[in-house]
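Visitor: just need the structure, nothing else, for what follows:
(one chain, ligands or ions: 3)
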Amino acid sequence: MPSRLSDAFETHPTFQHHHIQNLDLNSLQHLPDSHAWASELTDYSLSPDINGLFNLPIIDLNDPINGPKHLVHACKTWGAFQIINHGVSNQVVHRMEAAAKKLFSLPYEEKLKAERFEDGATGYGPIRISSLFPKRMWSEGFTIVGSPIQHARELWPDNYTSFCDVTEEYQKEMKELAGKLMWIVLESLGITKEDISWAGPNGEFKDSVGVLQLNSYPICPDPDRAIGIVDHTDSSLLTILHQSNQSGLQVFREEIGWVSVPPVEGALVVNIGDLLHILSNGLYPSVLHRVVVNRDRHRLSMAYLYGPPNNVEISPLSKLVDHYHPPLYRPVTWTEYLGMKAKLFYKALSALRL
Ligand SMILES: C=C1C[C@]23C[C@H]1CC[C@H]2[C@@]12CCC[C@@](C)(C(=O)O1)[C@H]2[C@@H]3C(=O)O
Ligand SMILES: O=C(O)CCC(=O)C(=O)O
Ligand SMILES: [Fe+2]
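Guide: Ligands and ions are numbered 1, 2, ... in the order given. So this is what the prediction gives:
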């Protein structure tokens, strides 16, 4: 039985296709065939005037009256929302953003020194799911599970501590906010601290695990035929996302389509992931989202994927289950679920259906 999150990466390595070469996206004048997706991908974006009719709800965490009301609606219909007054200082976010920019603007050969291994968790490279697709995505990633010290040493032998300090500070802030958000979301379902033993005696989610995913989307010579990150749901309980001041993120709404989420200065985007979908017995479904790229401006994002402690089995909360609402999913640990996702991808959640 795997017990650490990184075991999921060792037991389920994702192999890169031999026929797709590693390319430095930042230097390409034309879209190579390896990155050219069928054009139906980006065709489905809403036109700007229609998109303006559908706005991802913005929730003020300091508003005890309207906040919770908007939250329930957002969780049920969008699977995502933006938050303001979240308590994370702008400085911390901007320090992390600057560190990420510094990393991605290194020469390609330098970045490869910090490459993520096929069976590893931390490091530079295409996102983990990219090997499941015949085409490459127009993005570079840097995944951080725990401390990035070994990889930072490769990149900046004489000055690796500053990158580590900034990520540590950011992860700490994110973990605290994620715990806070968990209770806001859970309380909206009528769940209290007694209902979740793994949250710890004070409900502080001390042993919960977070993964920091930095994403860079270089300027793209042919954005209509490329995709930054293909449509997916996150495996997390919830994900806290900072997007730099450049649009690109889209969330899928049934009967509407792909809605763009314009960046709001100082706001963070929250996505519901598959594990919260399971925990809420499907009441709060995980959100399908993707990233489109553009011709003029580089884009950066930082996603904090928050999950339960390793070894904790997530299953529909008993308070949400009764004779009329039978449990829809069988119990699963995050590690086990990541392994399923690496094999089944879109079908991973339904494979857990009872
Ligand atoms: C703990 C996680 C969760 C991962 C895999 C692993 C490390 C990085 C996460 C992401 C981040 C980018 C999208 C995604 C789909 C990907 O390819 O890598 C995510 C995936 C998941 O949510 O399933
Ligand atoms: O870049 C973004 O806005 C989204 C990134 C994302 O979906 C992820 O890292 O899981
Ligand atoms: Fe995502």
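Visitor: name the residues of this protein found near ligand 1, please.
Guide: Taking Cβ under 6 Å from any ligand atom as the test, the list of the chain residues beside ligand 1 reads 127-129, 143, 211, 213, 232, 234-236, 305, 338, 341. Yep, even glycine has a C-beta here, placed from its N, CA and C like the rest.
Visitor: helix, strand or coil: sort out the residue of the stretch 251-354 of the chain at minimum distance from ligand 2 for me.
Guide: Taking Cβ to the nearest ligand atom, ligand 2 has its nearest neighbour within the stretch 251-354 of the chain at Ser301, 3.2 Å off. Classification of Ser301 using DSSP: H, G, I helix; E, B strand; the rest coil returns strand.
Visitor: what's the offset of the strand or helix carrying Leu338 from the middle of its chain?
Guide: Element membership of Leu338 [criterion: DSSP states H and E] is helix 334-344. Its chain's C-alpha centre and that of helix 334-344 lie 15 Å apart, by Cα atoms, centre = their mean, to the nearest Å.
Visitor: what residues does the helix or strand just after it touch?
Guide: Taking DSSP H and E as the definition, the helix or strand that follows helix 334-344 towards the C-terminus is helix 348-351. Counting by Cβ atoms under 8 Å, 6 or more residues apart in numbering, the neighbours of helix 348-351 from elsewhere in the structure are Thr233, Ser235, Asp274, His277, Ile278, Ser286, Tyr329, Tyr337, Met340, Lys341, Leu344.
Visitor: count the neighbours of Val291 for me.
Guide: Taking other Cβ atoms under 10 Å as the neighbour definition, Val291 ends up with a count of 22.
Visitor: got the contact list for the closest residue to it other than its chain neighbours?
Guide: In space, not counting the residues next to it along the chain, Val291 is nearest to Gly228; the distance is 3.5 Å by Cβ to Cβ, 6 or more residues apart in numbering. Taking Cβ under 8 Å, 6+ apart, we find Gly228 in contact with Met137, Trp138, Ser139, Asn215, Tyr217, Gly248, Arg290, Val291, Val292, Val293, Arg299.
Visitor: is it true that the fourth one lies in a strand?
Guide: Yes - the secondary structure assignment for Asn215 places it in a strand, going by three-state DSSP.
Visitor: pretty sure it is touching Leu305, no?
Guide: No - using Cβ atoms under 8 Å, Asn215 and Leu305 do not qualify as a contacting pair, with a distance of 11.9 Å.
Visitor: near ligand 2, from the contacts of Gly228?
Guide: Near ligand 2, judged by Cβ under 6 Å from any ligand atom, the entries from the contacts of Gly228 are Asn215, Val291.
Visitor: one step back: between the contacts of helix 348-351, which is closest to ligand 1?
Guide: Ser235 (3.4 Å).
Visitor: what's around that closest one, how many residues?
Guide: Other residues lying near Ser235 total 24 when counted by other Cβ under 10 Å.
Visitor: need phi/psi at it.
Guide: Backbone dihedrals for Ser235, given as degrees, to the nearest 10, come out at phi -80, psi -10.
Visitor: do the same with the one 3 residues further on
Guide: According to degrees, to the nearest 10, the main-chain angles of Leu238 amount to phi -150, psi 160.
Visitor: ok, it - contacts?
Guide: When contacts are counted by Cβ under 8 Å, 6+ apart, Leu238 is found next to Ala178, Leu181, Met182, Val185, Val270, Asn271, Ile272, Gly273, Leu276, Tyr306.
Visitor: same question, Pro223
Guide: Thr42, Trp138, Val292, Val293, Asn294, Arg295.
Visitor: neighbour count, secondary structure and pLDDT added to those residues, as JSON lines?
Guide: Below are the contacts of Pro223 laid out as JSON lines (neighbours: other Cβ atoms under 10 Å; DSSP: H, G, I helix; E, B strand; the rest coil; pLDDT from 0 to 100):
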{"residue": "Thr42", "neighbour count": "17", "secondary structure": "helix", "pLDDT": "63"}
{"residue": "Trp138", "neighbour count": "26", "secondary structure": "coil", "pLDDT": "96"}
{"residue": "Val292", "neighbour count": "23", "secondary structure": "coil", "pLDDT": "95"}
{"residue": "Val293", "neighbour count": "26", "secondary structure": "coil", "pLDDT": "95"}
{"residue": "Asn294", "neighbour count": "17", "secondary structure": "coil", "pLDDT": "94"}
{"residue": "Arg295", "neighbour count": "10", "secondary structure": "coil", "pLDDT": "94"}
